[in-house]
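S.K.: Next comes the sequence, and after it the predicted model I'd like to discuss.
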Amino acid sequence: MESLTIYPIKSCGGLDVPLNTDWEVRPEGLAWDREWCLVHQGTGQALSQKRHPRMALIRPEIDFDKGLLRVRSVGSIEQIAVPLSSNPALFKSFNATQPSRVCGDSIVAHTYARPEINDFFSKILDVPCALARFPAGGSGFSMRHAKAHMQKHQKPKSNSSKTCHDKGTLAPPTPPDSDTEVQKRPILLSNESPILAINRSSLDALNEEISKVGGKPACASVFRANVVLASPQSENLEPYSEDHWTTLRIGEQIFQMLGSCRRCHMICIDQDTAERNDQPFVSLAKTRRFDSKIFFGSHMCHVPSKDITKMSQFPTIRVGDLVTIEAEDTS
């Protein structure tokens with residue numbers, strides 16, 4: 001596995017997990033991933049980079065020693081610190097909290113009460129907004145579920161199974177015969193699934209198309225994936241083979257593939273400068289359009305182990321873990 005990234009505040013900058021660091025995998029996704037969001041103080045709508053590109057310049061960091069989420073903005077010396085604790089005293093009373101909307105879902109998030117926190121974000125984005133936190137393990141309006149599913153272009157290929165270490169060899173297994181399985185998988189504030197992955201060889205192939213028209217190569221960060229899989233021998237990796245994976249193992253953990261990720265123009269926002277470009281969307285529209293929709297990357301979720309061990313009860317993955325792509329037996 002090449003890299004591991006979380007996005008503590010939805011639609012804001014990412015936090016790269018350091019080397020040699022075990023990172024917890026929870027039912028809703030990676031620990032601390034998309035647990036917070038910014039909501040418009042008037043409408044309660046969750047803000048996104050698509051409309052507010054400067055959100056890319058908001059950079060969260062987690063200080064575990066002091067139990068704080070530290071947030072700064074690129075180009076500014078100002079920063080705020082928000083306790084990782086979910087102490088009710090930090091938030092507005094339930095009666096004072098209006099329902100919010102995230103990706104079409106109506107939810108009840110816990111809005112922070114301290115004016116200095118909300119003023120910090122409102123000043124950066126020049127829009128009246130507030131920081132809110134979405135509780136894990138809730139029910140009703142306090143729970144969301146994955147919407148990802150296998151797409152029509154993800155047709156079966158021949159069975160195979162190969163492995164890689166950090167950057168090893170991946171091979172396309174056979175997808176399920178049907179995507180009608182309706183298992184509810186919890187998510188926090190991600191769009192469609194607990195975890196998003198991209199294949200480095202697919203990104204390389206995309207950048208070759210972009211270079212043909214003189215465009216700027218796309219960085220992995222614009223796709224806002226949690227996991228980037230890569231091989232030092234790129235010829236052994238088939239671009240877009242992830243379309244046909246069903247199951248992969250990262251270290252000791254098993255993940256089920258949930259289908260390709262549909263893309264919008266948000267991938268055209270430079271994550272370092274917040275500037276808008278026409279790439280990589282234009283090139284993807286030429287090479288990855290299926291049924292008038294554009295796809296890049298794969299949704300996935302963790303499959304809990306049935307073993308009663310410390311590793312199964314507190315599953316973790318880390319950068320450099322061996323990755324094995326496994327095929328479904330269709331014999």
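M.R.: Structure's in. What do you need?

S.K.: only C-alpha atoms for contact and neighbour calcs from this point on.
M.R.: Fine.

S.K.: What residues of stretch 258-269 count as buried?
M.R.: 258, 259, 260, 261, 262, 263, 266, 267, 268, 269 (16 or more other Cα atoms under 10 Å).

S.K.: Surely residue 315 is in contact with residue 24?
M.R.: Yes - the pair residue 315 / residue 24 is scored as a contact, 5.8 Å apart, by Cα atoms under 8 Å.

S.K.: Just want to know which of the two has more residues nearby.
M.R.: residue 315 (20 against 14; other Cα atoms under 10 Å).

S.K.: show me the contacts for the more buried one.
M.R.: 24, 25, 26, 253 (Cα atoms under 8 Å, 6 or more residues apart in numbering).

S.K.: Mind putting those residues into CSV with pLDDT?
M.R.: Below are these laid out as CSV (pLDDT from 0 to 100):
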residue, pLDDT
24, 96
25, 96
26, 93
253, 95
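
S.K.: number of nearby residues for residue 306?
M.R.: Quick note: residue 306 (other Cα under 10 Å) scores 8 neighbours.

S.K.: tell me which element it is part of?
M.R.: Counting by DSSP states H and E, there is no helix or strand that carries residue 306.

S.K.: separation between it and residue 313?
M.R.: 9 Å (Cα to Cα, to the nearest Å).

S.K.: which residues in the stretch 101-250 of the chain form strands?
M.R.: 105-107, 110-111, 129-133, 144-145, 162-165, 186-187, 195-199, 227-229, 247-250 (DSSP state E, counting those that start in this stretch).

S.K.: TSV for the ones you listed, including mean neighbour count and mean pLDDT?
M.R.: Shown next, in TSV, are those (neighbours: other Cα atoms under 10 Å; pLDDT from 0 to 100):
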stretch	mean neighbour count	mean pLDDT
strand 105-107	16	67
strand 110-111	26	90
strand 129-133	24	94
strand 144-145	23	70
strand 162-165	18	52
strand 186-187	23	78
strand 195-199	25	97
strand 227-229	23	95
strand 247-250	21	93
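
S.K.: Relative to residue 9, which of these is closest?
M.R.: strand 129-133 (8.7 Å; Cα to Cα).

S.K.: What helices and strands are in contact with that closest one?
M.R.: Helices and strands touching strand 129-133, by 3 or more Cα pairs under 8 Å, 6 or more residues apart in numbering; DSSP states H and E, are strand 36-40, strand 110-111, helix 115-125.

S.K.: which of the ones you listed is buried the deepest?
M.R.: Highest mean neighbour count of these: strand 110-111, a mean of 26 (counted as mean count of other Cα atoms under 10 Å).

S.K.: Mind listing the strands that one pairs with, and their directions?
M.R.: Using DSSP bridges, the strands paired with strand 110-111 are strand 129-133 (antiparallel).

S.K.: The strand it pairs with: how far from the chain's middle?
M.R.: Distance, stretch centre to chain centre, for strand 129-133: 19 Å (Cα atoms, centre = their mean, to the nearest Å).

S.K.: hey, C-alpha coordinates of it in CSV?
M.R.: Output of strand 129-133 as CSV, limited to C-alpha atoms (Å, rounded to 0.1, in the frame of the first residue of the first chain):
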residue,chain,number,x,y,z
CYS,A,129,-20.7,28.5,8.7
ALA,A,130,-20.2,26.4,11.8
LEU,A,131,-18.2,23.3,12.6
ALA,A,132,-20.3,20.2,13.3
ARG,A,133,-19.6,16.7,14.4
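
S.K.: Now the terminal residues of stretch 4-21, how far apart.
M.R.: 10 Å.

S.K.: contacts for that stretch?
M.R.: Here stretch 4-21 has contacts from 3, 23, 30, 32-38, 47-49, 55-61, 189-190, 224-228, 271, 318-320, using Cα under 8 Å, 6+ apart.

S.K.: Check which residues of the longest helix anywhere in the chain are buried.
M.R.: In the chain, with assignment by DSSP state H, the single longest helix is helix 200-212. Neighbour-count burial for helix 200-212 flags 200, 201, 202, 203, 204, 206, 207, 209, 210 (criterion: 16+ other Cα under 10 Å).

S.K.: Kindly reformat these as JSON lines containing distance to residue 71.
M.R.: Formatted as JSON lines, the buried residues of helix 200-212 follow (distance: Cα to Cα, whole Å):
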{"residue": "200", "distance to residue 71": "29"}
{"residue": "201", "distance to residue 71": "33"}
{"residue": "202", "distance to residue 71": "32"}
{"residue": "203", "distance to residue 71": "29"}
{"residue": "204", "distance to residue 71": "32"}
{"residue": "206", "distance to residue 71": "33"}
{"residue": "207", "distance to residue 71": "32"}
{"residue": "209", "distance to residue 71": "36"}
{"residue": "210", "distance to residue 71": "34"}
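
S.K.: Relative to residue 302, which of those is nearest.
M.R.: Of these, the one sitting nearest to residue 302 (Cα to Cα) turns out to be residue 200, at 20.9 Å.
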